[in-house]
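Student: just to be clear, the model below is a prediction. Sequence and coordinates:
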Amino acid sequence: MTTTPQDLRTDQTPLAPGAPRSGTTFLGLPTAPRGVGHLRGDRPFPDAARDALRDGQLRANLGHATQTIRGKRAKVVAELPDWQQLRAAGSALKAATMARLDEHLEELERQVTARGGTVHWARDAAEANRIVTDLVRATGTDEVVKVKSMATQEIGLNEALEAAGIAAHETDLAELIVQLGDDKPSHILVPAIHKNRAEIREIFLRTMPRVDADLTDEPRRLAMAARSHLRERFLRARVAISGANFAVAETGTLAVVESEGNGRMCLTLPETLITVMGIEKLVPTWRDLEVFLQLLPRSSTGERMNPYTSMWAGVTPGDGPQDFHLVLVDNGRTAVLADEVGRQALHCIRCSACLNVCPVYERTGGHAYGSVYPGPIGAVLSPQLTGVEDNASLPYASSLCGACYDVCPVAIDIPSILVHLRAEHVEAQEKPTAESVAFKALGRAMSNPRLWRLAQRAAGLGRLVARGRPTMPAALPFPASAWTRSRDLPTPPAESFTAQWAREHGGRS
Amino acid sequence: MSAREEVLGRVRTALGETRAPVPEVVRDYRTTDDRPAAELLDVLVDRLEDYKASVLRCGPDDVAATVTAALDAGLGTGWAPGSVVAAPGLPAAWRPEGLDTDDDRPPVQLAERAASVTAVAVAIAETGTLVLDGTPPCGRRALSLLPDCLVCVVTAEQVVGSVPESLGRLDPLRPLTMISGPSATSDIELQRVEGVHGPRTLVVVLVA
């Protein structure tokens, strides 16, 4: 059965009359709407990054964590002699899925329905939140337990449930730390990566009602405090909400990959299970999981296999939830699919390997990106989901070094998509920007030898400012400051190459 | 238009009227593992111990005694047989005397029990993974989740080399649980802590 009441669009963030709910692509496909969910930051990346860079504790926590996980990943990836073949197969499988996405979605719906599940479709975040809220209300409960899920963070489900008087308890340890600390996740896999053990201890002491006052900051003690805090909630929960790592179209099998067992608790004990999933997360056949179940754990936690993977198809009498709902969410994904270069971003399996190798992420952390999807994959996914005008600084939040492409288990060519989105952003500018003016001037100078020599001589004046140092001072006046505030600018040479050539060869070319 | 029709319509618009052919998927990765069976068992034991699970090996005639030893290892000697719940289809010859058997009691009641004993459907050597499939020998999912100590009995013919071989032996319509060591977290400074919400102790009895 599919349900989508037509009145779902009434309960949404108010917009000015006639205002567009969201942008659309050239094919008229809507991007993720504004005013709901967490795909847009409050300020551009460079501003947020500057604050993050000043936080010494944050940089120490991030540096330690990313270095540790990079090492673990490299070790277990090197164990598999066929890693590159698996990567190529993973990439091809995702491309094949996208090429017939409509057919696979219809097949998934048929299979889940045939096994006793109910499938719902949501055009966007607001509609998905409304569907889930109504499903929870129908059970008569006012609290739910949640498995860590990027999709539900993306759509802002917790806030929507809270507004409806429903308490959503995050059960993944890191998500719990973030929720209790009234904080935001900063990493796809380890959302509390920006907090160290002492900060976590302080949050637990402050927010857990029955916590041991002698709690130390030893990770084992902290994990055990979380265990006892959540135990009773698991046992009394009547409704659970999860995401899905994979959905198999031909069988209707859903898969959730996790470590702590909180996922199993949520997927097994409550009477009702609601799974929220982006429409791109499916694979055509059961056999396809043989590729992804090898690629994901090694890329993600750097383990040969994660401790627990749960798989289920619909409802099984006598085992697990007897009421199962699958909510399929678009929220801008079809707009991404319409872009032949950008659609690769939909291949992402949310492993977070690209975050851990990124020199930009390692220094700024995840909050600077503003979206629930940080790091290199976020820099290509968020602007496409929202329309590039709403996340215009993200395609530039990269040095294009390509480390993300090298580690991506499904070989997403992130640098090429970044360049593609930069071009799209530049072409969308109606008025000239400082950059376009500068490059136009440069183009004029470089195509005219006389102008070029004049420009070089003018640049030589910089030597007066540098006073003999090899680099120019950072505190230059605008517009030079736009470059020098975060980069070194070498002091211009005393003489240009052409001037030297003319002097030594008497003007002969 | 319903949301279903609208979303499917958007997908069709995005893909265009003349669709590109579906890219070919080349499966030239390893799908079999031809190492001798004895070597696969050694790999499985190595990986399980790497995850901080304990492994006890025994012959086919000593399973019940070895399960007892496994419970001694997990719970300490002197455990009450009634505090241990076995899967309903666990072979009688594998069961120590006096164990409780799981039935259709509310699953949360299993949280009061000290340990559970189950069989597995498949074990994967290369990743140290046990797969339970919800059939009577494996029990329902709550059984291998709520008691703090889990004892799994694995027989040699259930052990395959790699992930691709394991999926071929499993029924995707059953509720499946892949278990690789005790529950664990690395959420605090990436330092691994074994034992969070799932069983904190995993003991494997390998029958070969």
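Tutor: Good, I have the coordinates.
Student: contacting residues around B:Leu41?
Tutor: Neighbouring residues of B:Leu41 by C-beta atoms under 8 Å, 6 or more residues apart in numbering or on different chains: B:Ala125, B:Ala156, B:Val159, B:Leu206, B:Ala208. Every residue, glycine included, has its C-beta placed from N, CA and C.
Student: repeat the analysis, applying 6 Å as the threshold.
Tutor: B:Ala208 (C-beta atoms under 6 Å, 6 or more residues apart in numbering or on different chains).
Student: and the pLDDT for it?
Tutor: According to the prediction, B:Leu41 has pLDDT 98.
Student: just say helix, strand or coil for it.
Tutor: Secondary structure assignment for B:Leu41 (DSSP: H, G, I helix; E, B strand; the rest coil): helix.
Student: with B:Val205 instead?
Tutor: strand.
Student: please name the residues that touch it.
Tutor: B:Leu56, B:Thr66, B:Val67, B:Ala70, B:Val153.
Student: run the last query once more with 10 Å
Tutor: B:54-58, B:62-70, B:94, B:117, B:119, B:151-155 (C-beta atoms under 10 Å, 6 or more residues apart in numbering or on different chains).
Student: kindly report the same for A:Ala392.
Tutor: A:Pro44, A:Phe45, A:Pro383, A:Thr386, A:Leu421, A:Arg422, A:Glu424, A:His425, A:Ala428, A:Gln429.
Student: with A:Gly263 instead?
Tutor: Counting by C-beta under 10 Å, 6+ apart, A:Gly263 touches A:146-149, A:171-172, A:240, A:242-243, A:245, A:256-257, A:306-310, B:183, B:197-198.
Student: what does A:Leu461 give?
Tutor: A:Pro492.
Student: from A:Thr491, how far off is it?
Tutor: 11 Å (C-beta to C-beta, to the nearest Å).
Student: returning to what we had before: from the contacts of B:Val205, which land in strands?
Tutor: Residues of these located in strands (DSSP state E): B:Ser54, B:Val55, B:Leu56, B:Arg57, B:Cys58, B:Val117, B:Ala119, B:Val151, B:Cys152, B:Val153, B:Val154, B:Thr155.
Student: residue ranges for the helices of chain B, please.
Tutor: Counting by DSSP state H, one finds helices in chain B at the ranges B:3-15, B:37-50, B:63-75, B:163-169.
Student: list of residues touching the shortest one?
Tutor: By C-beta under 10 Å, 6+ apart, the list of residues contacting helix B:163-169 from outside reads A:86, A:286-294, A:297, A:304-305, B:27, B:29-33, B:121-127, B:129, B:131, B:133, B:158-160, B:176, B:178.
Student: what's the PyMOL line that selects buried ones from those residues?
Tutor: The PyMOL command for the buried members of the contacts of helix B:163-169 (criterion: 16 or more other C-beta atoms under 10 Å in any protein chain shown) is given here:
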select buried, (chain A and resi 86+286+287+288+289+290+291+292+293+294+297+304+305) or (chain B and resi 27+29+30+31+33+121+122+123+124+125+126+127+129+131+133+158+159+160+176+178)
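Student: which residue is the nearest non-sequential neighbour of the residue of chain B found nearest chain A?
Tutor: Residue nearest to chain A within chain B: B:Gly198 (2.8 Å; C-beta to the nearest C-beta). Among residues not flanking B:Gly198 along the chain, A:Gly261 sits closest, at 2.8 Å (C-beta to C-beta, 6 or more residues apart in numbering or on different chains).
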